[in-house]
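[1] what's the 3D shape of this:
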Amino acid sequence: MTPADHQRAAGSRPAAEGPELRSWGPLLALIVVSLGFGLAKPGFATVQNLWTIADRSAIPLILAVGTTFIILQGSIDLSIEGVMAVGSLTFAMCVLNSRTGLDLGVFGLVLASFAGAGLGLLSGLVITRLRVPSFMVTLGVWSAGTGIAMLLSGDQPPLIRDPMLRALGLGRSIAVPNLFLVAVAVVLLGYVLQSYTRFGRYSMMIGGGEDLARLLGLPVDRYKVLAFAFAGLLSGLGGALESARVGLGHVDVGAGQMFATITAVVIGGTSLGGGRGGVLQSAVGTLVLAVLTDGMIFVGVSPYAQKAVEGGLILLAVLVATWPLRSRLRIVK
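    Sure, this is the predicted structure:
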C-alpha cells in the first residue's frame with residue numbers, strides 16, 4: 001500500500017496537519033478549569049488533592065483507552081458497565097474471598113481481564129459476522145454481562161480478603177496512587193499500539209473510510225474484532241481494579257462509567273464519526289472530567305447540578321464532534 005493510499009484511507013487528510021485549535025482545545029480547557037477552581041478554592045490546588053484527582057481518574061483512564069480504538073473505527077461500545085461487572089465478580093471470586101476457597105492472587109486480575117476480553121470478542125464477532133450495528137450488539141452484551149454478574153454474585157457479594165490486592169487498590173507508591181500508575185501504564189500501551197502498530201494505523205483508516213479500507217485490502221473485520229476484544233479486556237481489568245479498591249465484587253461496580261467514558265473520549269477530540277483523535281487526547285478528556293467533578297465538589301455544587309453539568313458536557317461534546325460532519329450522513333457502524 002502506497003503512502004497515498006494510506007492518506008486516502010485515513011479520510012483524505014494530509015499526513016501532517018498543522019496545530020489546530022481543536023487539537024489544543026481540550027488541553028487548554030484542562031488548564032483553564034484547573035486554574036479557575038484553584039483561584040476559587042485555594043484547597044483545590046494542593047498536592048493532596050492532585051493525587052485524589054489522579055486516583056479518581058485511574059479507572060476512567062483505563063476504560064477510555066479501549067473505547068478510543070472502537071470510536072476511532074467509527075463504532076460504539078455500550079457494554080462497558082456489564083463487562084466491568086463480570087470482571088469484578090470474576091476477580092472477587094478467584095482471589096482470597098469470603099465465598100470460595102480460591103486464592104489465585106494477581107492471577108485473578110488476569111482471569112478478570114480475559115473474561116472481559118471474551119465478552120468483547122463476542123461483541124466483535126457478532127458485529128462483523130452478522131452485520132449488526134455495534135450499539136445494538138454491545139447494548140445486549142451489557143445486559144448479558146450484568147445478568148452473568150448477578151448469577152455469580154447471588155445474595156451475598158464476595159468480600160476480598162487478599163491484603164496485597166487491597167493494597168494495590170488503596171495504596172500508594174512514592175505518594176502516587178497505585179491505580180493511577182497502572183492507568184498511566186495502560187495509556188502508554190495504548191499510545192504505542194496506536195502509533196507504532198498496524199492495529200492503531202488500521203483503526204484510524206477504518207474510521208476514516210471503512211468501504212475504502214476494504215477496497216484497499218485491509219482485513220477490516222479482523223481489526224474490528226481485535227478492537228472490541230481489547231476494549232473488553234480493559235473493561236474487565238477496570239472492574240477488577242475497582243473491586244480491589246472497594247473490597248468486594250459487585251454488579252454495580254461500573255455504574256455510570258459508560259456515559260462518562262464516551263464523553264471523556266469525545267471531549268478529548270476523538271470524533272464519533274471515526275478516523276480522528278487518539279489515546280492521549282482521550283486521556284486529556286478524562287482528566288478534564290475528573291478535574292471538573294472534583295472542582296464542583298470543592299465549590300459546593302449539588303449532586304443534581306453536577307449531573308446537569310455533565311449532561312450539558314455530553315451534548316456539547318457531541319455537537320462539537322459532529323458539527324464538521326453535518327454536511328454528510330454518517331452512520332455509527
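
[2] Could you check how far residue 190 is from residue 66?
    Distance check for residue 190 against residue 66: by C-beta to C-beta, to the nearest Å, it reads 8 Å. Any C-beta I mention is one placed from the backbone N, CA and C, and that applies to glycine too.

[3] Pick out whichever of these two has more residues nearby.
    Looking at residue 190 and residue 66 with other C-beta atoms under 10 Å, you find the greater number of neighbours at residue 66, namely 31 against 25.

[4] helices or strands next to the strand or helix carrying that one in the packing?
    Residue 66 is part of helix 47-72 when elements are defined by DSSP states H and E. Applying 3 or more C-beta pairs under 8 Å, 6 or more residues apart in numbering; DSSP states H and E, one finds that helix 47-72 contacts helix 80-94, strand 176-177, helix 178-196, helix 198-208, helix 220-246, helix 257-267, helix 279-298.

[5] Burial-wise, tell me which of those comes out on top.
    Among the helices and strands packed on helix 47-72, helix 80-94 has the highest mean neighbour count (mean count of other C-beta atoms under 10 Å), at a mean of 31.

[6] Mind giving me the packing neighbours of that helix?
    Counting by 3+ C-beta pairs under 8 Å, 6+ apart, helix 80-94 packs on helix 47-72, helix 107-130, helix 134-153, helix 220-246, helix 257-267.

[7] quick check, distance from that helix to the centre of its chain.
    Relative to its chain's centre, helix 80-94 lies at 16 Å (C-alpha atoms, centre = their mean, to the nearest Å).

[8] cool, and stretch 250-262?
    The answer for stretch 250-262 is 10 Å, by C-alpha atoms, centre = their mean.

[9] Mean pLDDT and distance to residue 202 added to the helices and strands packed on helix 80-94, as a markdown table?
    Compiled in a markdown table, those are given as follows (pLDDT from 0 to 100; distance: least, C-beta to C-beta, whole Å):
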| stretch | mean pLDDT | distance to residue 202 |
| --- | --- | --- |
| helix 47-72 | 95 | 10 |
| helix 107-130 | 97 | 14 |
| helix 134-153 | 96 | 17 |
| helix 220-246 | 97 | 5 |
| helix 257-267 | 90 | 19 |
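
[10] For residue 283, find the nearest of these.
    helix 47-72 (5.9 Å; C-beta to C-beta).

[11] orientation of the helix holding residue 66 relative to helix 220-246 in degrees?
    160 degrees (axes from the mean of the first three to the mean of the last three C-alpha atoms, to 10 degrees).

[12] how distant is helix 47-72 from the center of its chain?
    8 Å.

[13] Could you list the buried residues of that helix?
    Buried residues in helix 47-72, counted by 16 or more other C-beta atoms under 10 Å: 49-50, 53-72.

[14] Okay, the closest residue to residue 306 other than its chain neighbours and residue 309: tell me how far apart.
    For residue 306, ignoring the flanking residues on the chain, the nearest one in space by C-beta to C-beta, 6 or more residues apart in numbering is residue 296 at 5.1 Å. Distance of residue 296 to residue 309, computed by C-beta to C-beta: 7 Å.

[15] For residue 66, which residues are in contact?
    Counting by C-beta atoms under 8 Å, 6 or more residues apart in numbering, residue 66 makes contact with 77, 190, 230, 231, 232, 233, 234, 235.

[16] what residues does stretch 167-179 touch?
    So stretch 167-179 is in contact with 47, 51, 54-55, 58-59, 181, 241-247, going by C-beta under 8 Å, 6+ apart.

[17] how about these in a markdown table, adding distance to residue 276?
    Rendered in a markdown table, the data for these read as follows (distance: C-beta to C-beta, whole Å):
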| residue | distance to residue 276 |
| --- | --- |
| 47 | 35 |
| 51 | 32 |
| 54 | 28 |
| 55 | 30 |
| 58 | 26 |
| 59 | 25 |
| 181 | 29 |
| 241 | 29 |
| 242 | 30 |
| 243 | 34 |
| 244 | 35 |
| 245 | 33 |
| 246 | 36 |
| 247 | 40 |
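
[18] So of these, which two are at opposite extremes in space?
    47 and 243 (27.7 Å).

[19] Residue 197 - how many residues pack around it?
    11.

[20] Now do the same for it: its pLDDT.
    Per-residue pLDDT puts residue 197 at 95.

[21] hang on, the earlier thing: ok, the residue nearest to residue 306 - contacts?
    Taking C-beta under 8 Å, 6+ apart, one finds 305, 306, 309 in contact with residue 296.
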